[in-house]
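Enquirer: output the structure for:
(one chain, ligands or ions: 1)
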Amino acid sequence: MCGIVGYIGHAKAGEILLKGMRRLEYRGYDSAGVAIKDDNNIVIEKKKGRIKEIEQDNIIAGNAGIGHTRWATHGKPSDENSHPFFDCDESIAIVHNGIIDNFVTLKESLEKEGHEFKSQTDSEVIAHLIESHYENDLLEAVKKTISQLRGSYAIVAIHKDEDYMVACRNQSPLVIGVGTDENMVASDVPAILDRTNEVIYLMDGDIAKISYKDIELWDETGANVTREPKIISWTVEDAEKGGYDHFMLKEIYEQPKAIHDSILGRLGEFKDVDFSKYNIDMIKIISCGTSYHAGLVGKYIIEEISGIPCMTALASEYRYSSPSDIYPFTILISQSGETADTLAAAKEARRRGCKTLAITNVLDSSITREVDEVVYTHAGPEIGVAATKTFTTQLIVLYLIAIQLGLKKEKLLVEEADELRNQLRRLPRKVEILLNNTDHIKEISKNILAKSEDIFFVGRNINYPVALEGALKLKEIAYIHAAGYPAGELKHGPFALLTKKTPVIGICVKDQTYEKMIGNIGEIAARESPIIGVAEEDMELQKLCDELVYIPDIQPLFSPVLVNVVMQLFAYYTAYQLNCSIDKPRNLAKSVTVE
Ligand code: G6P
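Expert: From the prediction side, this is the model:
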């Protein structure tokens, strides 16, 4: 998964591209490059590493160009494997996001025709294919090229003798930024917001011819189409750090607002989906990473509130599961809406005849076109690679869906639904209280967690997935090995690992498992592991835990929202203490658009 930016207009393309690329670094950051076109040639400057490695002096003046930030899939990160790529005689330059499945065969036949390749990437075949089809018309050459490609792609191409860019997509996102006497194209909106807030979302199969004054579009059937630009309300500031040290911390602190925005207008009747159209007796929730953990919490939420049995699956497992694994109603959760495995799972669920609903944070993202229903989380852009506010708002949407389903199934009385909605209404304030009292969390992170090499997170019932998410967050950004466990399972293995050096974070919420949890904490204390409790105020726990982080009083069903904020802060302050690259953890990317 990579970030693409293209510009054509009258300003200095190099500066605009680099600025846009910086806003897309979360899509990939192992190499970066630009191709700038002046009157009669194209010059490429590209480097392994972050955008700052690019030699600014080597970027020529020109009013059109394409830029790219890469996350390696085929071919290791290196200068040669960085984008953009030239054809043989350096007339054509391309950038690509995605994977070309049939690149080996294409490369072999191009090499037989005499084309010389300079990289190990799948992407370079695109430049040479365009070259092989080029007869004074870049658009036609790209059209012929994509008819030969199998796989996923967002491509932008320029030619030294043509005064337009060609952009096309299939299963990888691409938007056009509509300006005045200039136009842009990018993988994602933040890259273009500096210059315009009018965007056209390209659909799979679309191909666009973009000059400084015109945008022409053709759909997958080849028909000339018009797509109305949408106005994006996100400001450039929305996509910047707003005074926090890291995007992640900013996004953690945005959670009260994100929850508020996600319940806004939805606490009366939830009108996003007309569930009366569907017969829902069982639900399957499919997702990846942090969204998977939201799905696991969602199972408890949906079963408790609506009484509908619910199963969860990892998208990467579901897509290859037996076709007999059919749950007529399937919920796909993906903050980006672009995760390749989740998209494939959505398609597979449809193929199996299931009705599908996507929960996503990104307007018009690819998943929205693969499902019957869409419910948006309104978290705003999330730049930190580690998901925070999008997880929280996924839970909020799951509560809203569960309440609606509970009413439909007559499991809930209207007054019970109202009481649940009241709980949701109070959540932003409770999260705010937590966020105003972080000193103790900082101390624990600094004095215990940052000094440890192995950490256990344990919880029960609805907070068991929160333990998984707490461990994932710590692994992702602080690079400390951590394992989430259902507290009742500790005795079936992990006990062997408990020592003075393995802190255990125990989530103790006053639900039906509370007493069992206190028992588990006692067992852990007997192994001398330092215990950090996360709980509401409680005398008994004070005796058993070495440290206690208090959360505001809350109904157990809603406790994951608060407990998880504590988990996020533990991970953040531990990573901060260890000087880790918090917003861009090594080897990870925000949106995994390849399998
Ligand atoms: C990547 C990100 C995770 C995210 C996962 C699923 O691995 O680093 O933070 O949870 O993808 O992403 P999605 O956009 O589908 O929720």
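
Enquirer: C-alpha from now on. contacts and neighbour counts both.
Expert: Noted.

Enquirer: go ahead and confirm residue 98 touches residue 593.
Expert: Yes: the pair residue 98 / residue 593 is scored as a contact, 6.9 Å apart, by C-alpha atoms under 8 Å.

Enquirer: anything in stretch 554-571 near the ligand?
Expert: No: figure legend: stretch 554-571 not in contact with the ligand (C-alpha under 6 Å from any ligand atom); closest approach 12.2 Å.

Enquirer: any buried residues in that stretch, and which?
Expert: 554, 557-571 (16 or more other C-alpha atoms under 10 Å).

Enquirer: one more: stretch 371-390?
Expert: 371, 373-390.

Enquirer: which helix or strand in the chain has the lowest average pLDDT?
Expert: When the helices and strands of the chain are compared on mean pLDDT, DSSP states H and E, helix 539-544 comes out lowest with a mean of 84.

Enquirer: tell me the first helix or strand C-terminal of that helix.
Expert: Scanning forward in sequence from helix 539-544 by DSSP states H and E, the next helix or strand is strand 547-550.

Enquirer: quick check: the residue of the stretch 401-550 of the chain nearest the ligand.
Expert: With C-alpha to the nearest ligand atom as the measure, residue 476 is the residue of the stretch 401-550 of the chain nearest to the ligand, at 8.1 Å.

Enquirer: name the element residue 176 belongs to?
Expert: Assessed by DSSP H and E, residue 176 sits inside strand 175-178.

Enquirer: so what touches that strand?
Expert: Contact with strand 175-178 is made by 183-189, 192, 196-202, 229, as judged by C-alpha atoms under 8 Å, 6 or more residues apart in numbering.

Enquirer: and that strand, which strands flank it?
Expert: With DSSP bridges as the test, strand 175-178 is paired with strand 183-186 (antiparallel), strand 198-201 (antiparallel).

Enquirer: can you redo the ones you listed as a markdown table with distance to residue 62, mean neighbour count and mean pLDDT?
Expert: Shown next, in a markdown table, are the strands paired with strand 175-178 (distance: least, C-alpha to C-alpha, whole Å; neighbours: other C-alpha atoms under 10 Å; pLDDT from 0 to 100):
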| stretch | distance to residue 62 | mean neighbour count | mean pLDDT |
| --- | --- | --- | --- |
| strand 183-186 | 15 | 29 | 98 |
| strand 198-201 | 24 | 22 | 95 |
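
Enquirer: in TSV: those, plus distance to residue 3.
Expert: Below are these laid out as TSV (distance: least, C-alpha to C-alpha, whole Å):
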stretch	distance to residue 3
strand 183-186	7
strand 198-201	15
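
Enquirer: out of those strands, which gets nearest to residue 212?
Expert: strand 183-186 (5.5 Å; C-alpha to C-alpha).

Enquirer: is residue 341 in a helix, a strand, or coil?
Expert: Three-state assignment for residue 341 (DSSP: H, G, I helix; E, B strand; the rest coil): helix.

Enquirer: so how far is residue 354 from it?
Expert: 17 Å (C-alpha to C-alpha, to the nearest Å).

Enquirer: also residue 422?
Expert: From residue 422 to residue 354 the distance is 33 Å (C-alpha to C-alpha).

Enquirer: between these two, which one's more packed in?
Expert: Shown here are residue 422 and residue 354; by other C-alpha atoms under 10 Å, residue 354 has more neighbours (20 against 12).

Enquirer: quick check: phi and psi on the more buried one?
Expert: Main-chain dihedrals, residue 354, degrees, to the nearest 10: phi -80, psi 150.

Enquirer: could you measure the closest residue to it other than its chain neighbours against residue 191, distance?
Expert: Counting by C-alpha to C-alpha, 6 or more residues apart in numbering, residue 354 lies nearest to residue 328, which is 4.4 Å off, once chain neighbours are set aside. Using C-alpha to C-alpha, we find residue 328 at a distance of 39 Å from residue 191.

Enquirer: can you pick out the residue with more neighbours from those two?
Expert: Each of residue 328 and residue 191 has its neighbours counted (other C-alpha under 10 Å); residue 191 has more, 30 against 19.

Enquirer: can I assume residue 83 sits in a strand?
Expert: No: according to three-state DSSP, the state of residue 83 is coil, so it is not within a strand.

Enquirer: what about it, distance to the ligand?
Expert: In this structure, residue 83 and the ligand are 22 Å apart, going by C-alpha to the nearest ligand atom, to the nearest Å.

Enquirer: all helices of the stretch 51-200 of the chain, in order?
Expert: According to DSSP state H, counting those that start in this stretch, the stretch 51-200 of the chain carries its helices in the segments 103-112, 124-133, 138-146.

Enquirer: before we move on, the earlier item: same for the ligand: which of the contacts of strand 175-178 are within range?
Expert: Near the ligand, taking C-alpha under 6 Å from any ligand atom as the test, no member of the contacts of strand 175-178 is found.

Enquirer: helices or strands up against the lengthiest helix in the chain?
Expert: Longest helix in the chain by number of residues (criterion: DSSP state H): helix 414-435. Under the contact criterion of 3 or more C-alpha pairs under 8 Å, 6 or more residues apart in numbering; DSSP states H and E, helix 414-435 touches helix 255-263, helix 389-408, helix 559-577.

Enquirer: report the angle between the axes of it and helix 389-408?
Expert: Interaxial angle, helix 414-435 versus helix 389-408 (axes from the mean of the first three to the mean of the last three C-alpha atoms, to 10 degrees): 170 degrees.

Enquirer: how about the next helix or strand after helix 414-435: buried residues?
Expert: Going down the chain from helix 414-435, the next helix or strand is helix 439-447, by DSSP H and E. Within helix 439-447, the residues that count as buried by 16+ other C-alpha under 10 Å are 441-442, 444-446.

Enquirer: looking at the helices and strands packed on helix 414-435, which one has the lowest mean pLDDT?
Expert: Mean pLDDT is lowest for helix 255-263 among the helices and strands packed on helix 414-435, at a mean of 92.

Enquirer: give me the next element, helix or strand, following that helix.
Expert: Criterion used, DSSP H and E; the element after helix 255-263 is strand 283-287.

Enquirer: I'm done for today, thanks for sticking with me.
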